[in-house]
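Undergrad: Sequence first, then the predicted structure:
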Amino acid sequence: MRFFEYEAREVIKRAGIPVTDYGFTTDAAEAGEIARRIAGPTVIKSQVLTGGRMKAGGVQFADTPEQAEAHAREILALEINGHAPRGVLVDPKAQVEQEYYAGVVWDGTRKQPVMIFSPVGGIDIEQVAEEQPEKVGRRHFSNILPFSGFEAKEVIAATGVSGSALNKLVPILTRLARLFVENDMILAEINPLGQLTDGAFVALDAHMDIENEARGRHRKLLAELGVGEEETRQAREATAFELAGEQVDAQDHRGVAGNVTEFDGNLGLVIGAGGGSLTLFDAVRAHGGRPANYCEIGGNPSVAKACGLAKLVLGKPGVERIAVMMSIVSNTRVDLVARGVIKACLELGHDPAEKIAIFRIPGAWEEEGFKILARYGVEYVDRSVSLNEAARRAVEKIGGGDAATGAPAAQAAGGVAPGSES
Amino acid sequence: MSILIDADTTFIVQGITGREAVNLTRECLDYGAGAKVVGGVTPGRLGRDVHGVPVFDTVAQAVQGHGAPIDGSVVTVPPAFTKDAVFEAIENGVKLIVIVTERIPRRDVAEMVELATLRGARIIGPNCLGIIVPDVVKMGGIGGPAKNAAQAYTPGPIGVISRSGGMTTEMSSTLSAAGLGQSTAVSIGGDAIIGSTYAELMPLFEADAQTQGIVIYTEPGGRTEAELARWVTENRSRLPIVAFMAGRFMDEMPGMSFGHAGTIVEGKEDTASEKITRLAQAGIAVAERIEDIPAMIAEKLAERAPA
């Protein structure tokens, strides 16, 4: 989960890294007050989780508190790439001599964090790495040994930085490395890290991303920063349909029937498991089908859960039929899923044979499952029919895609317009 | 032969009294020649047994009870306790650890992997279903109950490596139906940091005389495919590889995560199309559909067969 700049700066401040005497507010008048307290030129920065805010007019400079208030009013009303700002940050305009870069990320291949440092900051580090590779220092550090100052010193020295700058930077990078580890970050970046005219260093902007799986052990920090438990900060906010999917999954602890993402097609998908869902979603689209949703079932969900998910998908406006498909299951019971989806049809007053375009879940308890499906006249197939072929038949039944038009599968892409509220 | 495990491999199950672990233990005991599950660990449950497997409070007790070093452990404890359980196994001399648990923060995974490396141990997973040597032995829930596993997996020349547990079985079943059995199938897990990547398992398959070709399941996200492409290019592998790439639709939706935790696309190199290009450049054929895999790998095997 990404942090807003004002949150990231707070984390940096708590770690003992110098920051400017900035203020955060959601109110233009208060922005003026902060500027008055700063008593000098200020920068007003939109707080949004998207790039390009400078270009979009989300960063403005002010000489007086009145100007600061006026800019804040504009910026608070300015959407950037479809994101409304959370607020504005009012920052003293620092007298910067030079801009540096410092960051820590994971290297999944080495399986260690890597610290990155450059005396060329304020721009994308990838660009610096490409144009001036000698100006970018990198150093992996141990997951087990405590981070030690010499590691920061080495990465800084490797870029040719020496003198008092080196000595002032070592504790800053050391603290950054530690806060990355302690807070379960997947990105912690100070850019620019400004060197002021008096030689002191101060963090002027920061980007941070905390790992979702680790949020549970940082409840105190997140609460203090004002991050709500429900905030996911995904690329887009969850739709009502997706939230309803989470509720279905939360109704009991047995298995998974959720991870719903909304699309705007006519073929409802009750699919699984993780890899199977990805494969099936691709297959439906390759045949020109238009999925109404993505989802995942797995881990042996209860009948109630499978039923809840099927009902949710069936009830989505525009859904004509559902396809119930999974890769071969080992611990999920075929019969339980079969009972769940049939129950969903019946409870909504539908004929399962009509509403279920195809059922393709081979594996554990399949004989029992197939018996139930046969009783209700639902078309089912076993493992001899591939995921791809099952998806093709489902698309054909709904009268869509290449099955109807004769277009070759590879060309038929078919609508991925996620999350249109229906 | 096989990689990682064989009929003689001894292992324990940590968290053995949990519902899924009880099933998994039964499945492993029933499959093939019957796995040598020499103990289970659940703190506070010393003296019980699960399907005849003695339960201990600590790994040290399990080792003592067995009277000899134990080769492996299947770890099924909740995410908050996994790191401690894995450290415990490593410090008690266990050399192969299969972590089933999902949703473990990557810092914990990285710590476990680094300790394992220091001690000469290997981790498979987390968020995986384990390892299977068809008709011989399985370690983990892979393939499910013995009867179901026997239906999907058959012995043969293909090594299977997959980031998805379920798709390991789907692909192996497709290979089996085409008469192409598997030497060993490994579910490596779908997280951003995993104990053993494709490239890290390749040398083992390379050294296994039974293995003649490799089939992998891949997804968007992470650098493991790039690492494999580099390994293949640098090491002139004798093994032809066919890859299947799922989640191609995700390229149109940056920043969204589907399927496994590792699929979130964080950079351009992580996308499905970038990976396909990279794999193809290394001579790895990328299948559009699962059902195309058997013919593709068979063709490659024929090309490399001695005249």
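TA: All right, it came through fine.
Undergrad: what's the closest residue to B:Ala280 other than its chain neighbours sitting at in phi/psi?
TA: By the measure of C-beta to C-beta, 6 or more residues apart in numbering or on different chains, the closest residue to B:Ala280 outside its immediate chain neighbours is B:Val286, 6.0 Å from it. C-beta: built from backbone N, CA, C; applies to glycine. Per-residue torsions, B:Val286: phi -110, psi 120 (degrees, to the nearest 10).
Undergrad: With B:Ala177 instead?
TA: According to degrees, to the nearest 10, B:Ala177 has phi -60, psi -30.
Undergrad: list the contacts for the residue nearest to B:Ala280?
TA: Residues near B:Val286 by C-beta atoms under 8 Å, 6 or more residues apart in numbering or on different chains: B:242-245, B:276, B:279-280.
Undergrad: Show me which residues of the stretch 51-200 of chain B sit near chain A.
TA: When proximity is defined by C-beta under 8 Å from any C-beta of the partner chain, the stretch 51-200 of chain B lies next to chain A at B:79-80, B:103-107, B:109-111, B:113-115, B:118, B:129, B:141-145, B:148-149, B:152, B:162-167, B:169-170, B:173-174, B:177, B:190, B:192-193, B:197.
Undergrad: Could you tell me which of these belong to helices?
TA: Using DSSP state H, the members of these that fall in helices are B:79-80, B:106-107, B:109-111, B:113-115, B:118, B:148-149, B:152, B:165-167, B:169-170, B:173-174, B:177.
Undergrad: Out of the contacts of B:Val286, which end up buried?
TA: Neighbour-count burial (16 or more other C-beta atoms under 10 Å in any protein chain shown) is assigned, among the contacts of B:Val286, to B:242-245, B:276, B:279.
Undergrad: any low-confidence regions in chain A?
TA: For chain A, applying pLDDT under 70 flags the ranges A:400-422.
Undergrad: Am I right that A:Glu30 is in a strand?
TA: No - the assignment for A:Glu30 is helix, going by DSSP: H, G, I helix; E, B strand; the rest coil, so no strand is present there.
Undergrad: ok, it - how many residues close by?
TA: For A:Glu30, the count of nearby residues is 17 (other C-beta atoms under 10 Å in any protein chain shown).
Undergrad: Identify the residues contacting it.
TA: Going by C-beta under 8 Å, 6+ apart, A:Glu30 touches A:Gly23.
Undergrad: ditto for A:Arg86
TA: For A:Arg86, the set of contacting residues under the criterion of C-beta under 8 Å, 6+ apart consists of A:4, A:6, A:26, A:47-48.
Undergrad: Return the member of these nearest to A:Glu97.
TA: Ranked by distance to A:Glu97 (C-beta to C-beta), the contacts of A:Arg86 are led by A:Tyr6 at 24.9 Å.
Undergrad: isn't the closest one right up against A:Gln47?
TA: Yes - using C-beta atoms under 8 Å, A:Tyr6 is in contact with A:Gln47, at 5.6 Å.
Undergrad: so what sits against both of these two?
TA: Counting by C-beta under 8 Å, 6+ apart, the common neighbours of A:Tyr6 and A:Gln47 are A:24, A:86-87, A:89.
Undergrad: before we move on, back to that, which two among the buried ones among the contacts of B:Val286 are spaced furthest apart?
TA: B:Val242 and B:Ile276 (12.5 Å).
Undergrad: Torsion angles phi and psi at B:Ile90?
TA: The phi and psi torsions at B:Ile90 (degrees, to the nearest 10) take the values phi -60, psi -50.
Undergrad: ugh, wrong one, B:Ile12
TA: B:Ile12 adopts backbone torsions of phi -110, psi 170, taken as degrees, to the nearest 10.
Undergrad: OK, contacts around the spatially closest residue to it that is not a sequence neighbour?
TA: Among residues not flanking B:Ile12 along the chain, B:Gly39 sits closest, at 4.5 Å (C-beta to C-beta, 6+ apart). Counting by C-beta under 8 Å, 6+ apart, B:Gly39 makes contact with B:12-13, B:53-56, B:62, B:65-66, B:70.
Undergrad: mind checking which helix or strand B:Gly39 is in?
TA: With elements taken from DSSP states H and E, the one containing B:Gly39 is strand B:36-41.
Undergrad: pLDDT (mean, whole number) over that strand?
TA: Per-residue confidence for strand B:36-41 averages out to 98 on the pLDDT scale.
Undergrad: Whatever helix or strand comes next after that strand pairs with which strands, and in what direction?
TA: Scanning forward in sequence from strand B:36-41 by DSSP H and E, the next helix or strand is strand B:49-50. Strand B:49-50 pairs in its sheet with strand B:53-56 (antiparallel), by DSSP bridges.
Undergrad: Restricted to strands, list the contacts of B:Val286.
TA: Residues from these lying in strands, with DSSP state E as the criterion: B:242-245.
Undergrad: which of those residues lies closest to chain A?
TA: Looking at the ones in strands among the contacts of B:Val286 and their distance to chain A, the nearest is B:Phe244, at 7.8 Å (C-beta to the nearest C-beta).
Undergrad: and the closest one, what is it in contact with?
TA: Residues near B:Phe244 by C-beta under 8 Å, 6+ apart: A:279, B:167, B:171, B:215-218, B:286-287, B:290, B:293.
Undergrad: please redo it, this time with the cut-off set to 10 Å
TA: For B:Phe244, the contact set (C-beta atoms under 10 Å, 6 or more residues apart in numbering or on different chains) comprises A:275, A:279, B:162, B:164, B:167, B:170-171, B:174, B:215-219, B:285-290, B:292-293, B:296.
Undergrad: Could you report the distance from it to A:Tyr100?
TA: Distance, B:Phe244 to A:Tyr100, using C-beta to C-beta, to the nearest Å: 44 Å.
Undergrad: Likewise for A:Ala357?
TA: For A:Ala357, the distance to A:Tyr100 (C-beta to C-beta) stands at 58 Å.
Undergrad: Please render the contacts of B:Val286 as TSV that adds pLDDT to the earlier fields.
TA: Converted to TSV, those look like this (pLDDT from 0 to 100):
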residue	pLDDT
B:Val242	98
B:Ala243	98
B:Phe244	98
B:Met245	96
B:Ile276	94
B:Leu279	95
B:Ala280	95
